[in-house]
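Engineer: Predicted model, plus sequence, below.
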Amino acid sequence: MLLTPSEGQWQVGRMQTDTPTLILYSNPWSRGRIARWMLEEVGAPYEVKTVTYAKEMKSAEYLELNPMGKVPTLVHGTSLVTEVAAICAYLADTFPEAALAPTDAERASYYRWLFFAAGPVEAAVSNKSVGWDPSDEQRGRFGYGNFAAVVETLTHAVSQHEFIAGPRFTAADVYVGAQVSWGLQFGTLPKNDQFKAYAGRVMARPAAIRARELDDALSVTLGPPSA
């Protein structure tokens with residue numbers, strides 16, 4: 001059973017329709033902001049249903065959609081996708097007219113860095129943010145090695161081309177770009193020149209700006225999340 005949003009809890013994206021086929025369950029204080037950005041890049045009609053932290057994310061109704069009890073979750077007809085990187089890849093493939101899926105020449109780098117950001121970067125940054133990083137003796141047991149190795153690899157990746165898979169912006173840049181931008185904003189990644197230049201390029205895109213404005217406005221309406 002899908003959630004029925006309370007009055008004022010959901011927004012329609014920039015291309016309005018009476019029967020949107022894309023529904024994003026999200027919260028503006030979450031990684032759902034990345035999915036919103038990807039939807040704005042795609043340009044297809046979509047609806048956002050806000051799921052509150054205090055109650056709705058752990059409700060029986062929402063857990064039927066996402067057993068993790070987290071956002072975002074994307075519903076597209078009979079298809080359901082969770083995990084932000086997967087949502088970005090799904091939308092790129094489903095809406096080829098947006099030209100955000102990789103070409104043959106881009107495919108290897110596209111998947112390499114999309115999964116690197118969703119795996120090693122996410123794990124290393126999260127662990128470091130709570131005060132833990134594998135020791136030299138422990139690093140062999142972790143797929144990302146340690147935080148320094150991840151930062152060095154990511155720095156190299158974003159400095160090889162204008163975008164992560166080559167000279168052209170793709171869906172992988174939505175996810176990688178958001179990770180780098182948030183890392184700079186919250187101090188979880190070093191503010192080196194390579195990260196700042198890459199984040200500046202991707203976050204200046206009109207779709208990124210629209211998405212931020214929509215979620216910023218919604219976050220003011222909702223107020224800070226409660227536990």
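Structural biologist: All right, it came through fine.
Engineer: C-alpha from now on. contacts and neighbour counts both.
Structural biologist: OK.
Engineer: tell me, what residue is most central in the protein?
Structural biologist: Nearest to the geometric centre of the chain sits I34, at 3.2 Å (Cα atoms, centre = their mean).
Engineer: so that residue makes contact with D173?
Structural biologist: No - in this structure, I34 is not within contact of D173 by Cα atoms under 8 Å, at 10.6 Å.
Engineer: Common neighbours of the two, please.
Structural biologist: Shared contacts of I34 and D173, defined by Cα atoms under 8 Å, 6 or more residues apart in numbering, are absent.
Engineer: Just grab the bridge partners of F163 for me.
Structural biologist: G166 (DSSP bridges).
Engineer: gap between it and Y111?
Structural biologist: Distance of F163 to Y111, given as Cα to Cα, to the nearest Å: 13 Å.
Engineer: Look at those two and report which has more neighbours.
Structural biologist: F163 (22 against 15; other Cα atoms under 10 Å).
Engineer: re earlier: can you tell me the helix or strand for the residue nearest to the centre of the chain?
Structural biologist: Counting by DSSP states H and E, the element that carries I34 is helix 32-42.
Engineer: Mind exporting the C-alpha coordinates of that helix to CSV?
Structural biologist: What follows is helix 32-42 as a C-alpha-only set of coordinates in CSV (Å, rounded to 0.1, in the frame of the first residue of the first chain):
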residue,chain,number,x,y,z
GLY,A,32,16.8,12.2,-1.6
ARG,A,33,18.1,15.6,-2.7
ILE,A,34,20.4,13.7,-5.1
ALA,A,35,17.4,11.8,-6.6
ARG,A,36,15.5,15.1,-7.0
TRP,A,37,18.5,16.6,-8.9
MET,A,38,18.5,13.5,-11.2
LEU,A,39,14.8,13.9,-11.8
GLU,A,40,15.3,17.6,-12.7
GLU,A,41,18.1,16.5,-15.1
VAL,A,42,15.8,14.0,-16.8
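Engineer: who touches that helix?
Structural biologist: 13-14, 24-27, 46, 71-72, 84, 87-88, 91-92, 95, 98, 100, 171, 174-175, 178, 207-208, 210-212, 215.
Engineer: taking the residues you listed one by one, which sit in strands?
Structural biologist: Using DSSP state E, the subset of the contacts of helix 32-42 located in strands is 24-26, 46.
Engineer: just checking, L189 touches V150?
Structural biologist: No - judged on Cα under 8 Å, L189 makes no contact with V150 at a distance of 10.1 Å.
Engineer: And the helices in the chain?
Structural biologist: 32-42, 60-65, 84-94, 107-116, 122-129, 147-158, 171-186, 193-203, 206-222 (DSSP state H).
Engineer: Can you name the residues that contact the closest residue to S129 other than its chain neighbours?
Structural biologist: Take S129 and drop its neighbours on the chain: the residue closest to it by Cα to Cα, 6 or more residues apart in numbering is T188, 6.5 Å away. Taking Cα under 8 Å, 6+ apart, we find T188 in contact with 125, 128-129, 182.
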